[in-house]
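Asks: fold the stuff below for me.
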Amino acid sequence: MKQPNFNQVINRHNTSSLKWDFIDQKLQLDGTDLLPMWVSDVDFKCPDEVIQALHARVEHGVFGYSERDDDYYQSVMNWFTSRHQLDIGRDWFTTIEGVVPGLALLVQMLSEPGDNIVIQGPYYGSFANVITMNHRVLVENPLLESIDGYQFDFCHLEAVFKTSSPKLLILCNPHNPTGRCWRRDELVPLLDLCKQYKVIVISDEIWADLTLPGEKYTSVLHLGHEYHDSIIVATSASKTFGLSSLRIANFLIPNPTIRQAFINRLNAHGLDVFNSLSMSAATAAYQYSGQWLDALQIYLADNRRWLKQKLEIVAPWCRMVNAEGTYLAWLDCRALKINQHELKNRLLYQAKMAVSMGESFGVMGKGYIRLNLGCPREYLEVAIKGLSLLNEFRTRR
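Replies: You can find the predicted model right below:
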């Protein structure tokens, strides 16, 4: 395999990139001079094997209706068996163009308007959207924060279950934005509570492959067949291999009744055929790009280590929360002692950065920002220079 060059700076302007070309539209900003560190996609070229597979499919030249073939299924199953020691049943697969659309359909299918749905803050903003925009009630079970990271609050969760009788809990594992990889001894009591109170768990595990060296991803599917009736797992190659616009995701549903109901729901919306390029890309990625991912994990870990060291020197007010996975840095900026509006303005107009503001992750995110580390080191060097200017501002105060 040709060694990937993750230090290569690739100009993504004028490619319809959400992160680079639509800052002004999406964030209501003049984004021409801002470093975009907000959207969670990578600025790296995807694996060569994926590009070759896409070229071959395009050269064929015929793009009729497409279905998942044996190679597609087997590539995903082999990947999870070899990479994560997780055996997946082929009959568990349901497929849709993206994790968030699938979450929305499941929320509609498994609950009624006015029903309570639990998420754990700080939470990915799209989770909140699929709950509230479908006229369900968001019930927050805030994670417990310590200097070592975040943990589940089981006492609060059980109280929520008793008083709110939620239909669903949406789990993020590994967790966006904090980077926690939930352990078996954390997930088992969580699932036990959900089983006791008849709460179905939808686990978004799209970050599964992006653990830091030495850390381990544990799926809710690892925990035993006794939980399979009430768990649904969302997976995709998109985060792992930089394929976010080639949208395809798998929802693994062991429960045959829920699975068939979801398939019926997909069919009712005409979501019963699939993008041939997306399938070709995902299949090639899972079949041939393991070494590429190994190199990426090392690079991302080095980026995280480098940024943490630099922050301690030039921006000691900015504390990086310990993480075990993802390419996201969750940064505690509360030592600046300024409100979110002022923090955002300082980042935009002084540091010249577009970041994900913590308040977009719910009340537990106030005072934090999320940075994307899935970029060449050169971008992080620019980010550090910008953040150091806020350090001077703190000194003046």
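Asks: stretch 328-335: how far from the chain's middle?
Replies: Using CA atoms, centre = their mean, to the nearest Å, the distance from the centre of stretch 328-335 to the centre of the chain it belongs to is 18 Å.
Asks: what does it rub up against?
Replies: 40, 122, 176-179, 304, 307, 311, 316-321, 323, 343, 358, 367-373, 394 (CB atoms under 8 Å, 6 or more residues apart in numbering). Heads up, the C-betas are built off the backbone N, CA and C, glycines and all.
Asks: out of the residues you listed, which sit inside strands?
Replies: 319, 320, 368, 369, 370, 371, 372 (DSSP state E).
Asks: distance of the residue nearest to residue 207 when sequence neighbours are not counted from residue 378?
Replies: Nearest residue to residue 207, sequence neighbours excluded (CB to CB, 6 or more residues apart in numbering): residue 174, at 4.2 Å. Distance, residue 174 to residue 378, using CB to CB, to the nearest Å: 26 Å.
Asks: the two: who's more crowded?
Replies: More crowded of residue 174 and residue 378, by other CB atoms under 10 Å: residue 174, with 27 against 12.
Asks: one step back: ok, so of the ones in strands among the contacts of stretch 328-335, who is nearest residue 382?
Replies: Closest to residue 382 out of the ones in strands among the contacts of stretch 328-335 is residue 371 (11.7 Å), distances taken as CB to CB.
Asks: what's the neighbour count on the closest one?
Replies: If you count neighbours by other CB under 10 Å, residue 371 ends up with 25.
Asks: kindly report the same for residue 385.
Replies: Neighbours of residue 385 using other CB under 10 Å come to 15.
Asks: so what secondary structure elements neighbour the host helix or strand of it?
Replies: Element membership for residue 385, per DSSP states H and E: helix 377-396. Here helix 377-396 touches strand 35-36, helix 290-314, helix 340-349, strand 353-354, going by 3 or more CB pairs under 8 Å, 6 or more residues apart in numbering; DSSP states H and E.
Asks: the helices in the stretch 151-300 of the chain, which residues?
Replies: Remark: helices assigned in the stretch 151-300 of the chain by DSSP state H, counting those that start in this stretch are 154-164, 184-196, 238-241, 256-268, 276-288, 290-314.
Asks: right, and those helices - which one's nearest residue 215?
Replies: For residue 215, the closest of the helices of the stretch 151-300 of the chain is helix 290-314, at 9.6 Å, according to CB to CB.
Asks: now do that closest one: which elements does it pack against?
Replies: Contacts defined by 3+ CB pairs under 8 Å, 6+ apart place helix 290-314 against helix 238-241, strand 319-320, strand 328-332, helix 377-396.
Asks: report the distance from stretch 112-119 to the chain centre.
Replies: Averaged C-alpha coordinates place stretch 112-119 at 22 Å from its chain's average position (CA atoms, centre = their mean).
Asks: any idea how far apart the tips of it sit?
Replies: End-to-end distance for stretch 112-119, by CA to CA, to the nearest Å: 17 Å.
Asks: and what of stretch 112-122?
Replies: Stretch 112-122 has an end-to-end distance of 25 Å (criterion: CA to CA).
Asks: quick one: buried residues of that stretch?
Replies: Buried residues in stretch 112-122, defined by neighbour count with 16 or more other CB atoms under 10 Å: 115, 116, 117, 118, 119, 120, 121, 122.
Asks: what's the answer for stretch 341-351, then?
Replies: Judged by neighbour count using 16+ other CB under 10 Å, the buried positions of stretch 341-351 are 343, 344, 346, 347, 348, 351.
Asks: hang on, the earlier thing: buried ones among the contacts of stretch 328-335?
Replies: Buried residues within those, counting neighbours by 16+ other CB under 10 Å: 40, 122, 176-179, 304, 307, 311, 317-321, 323, 343, 358, 367-373, 394.
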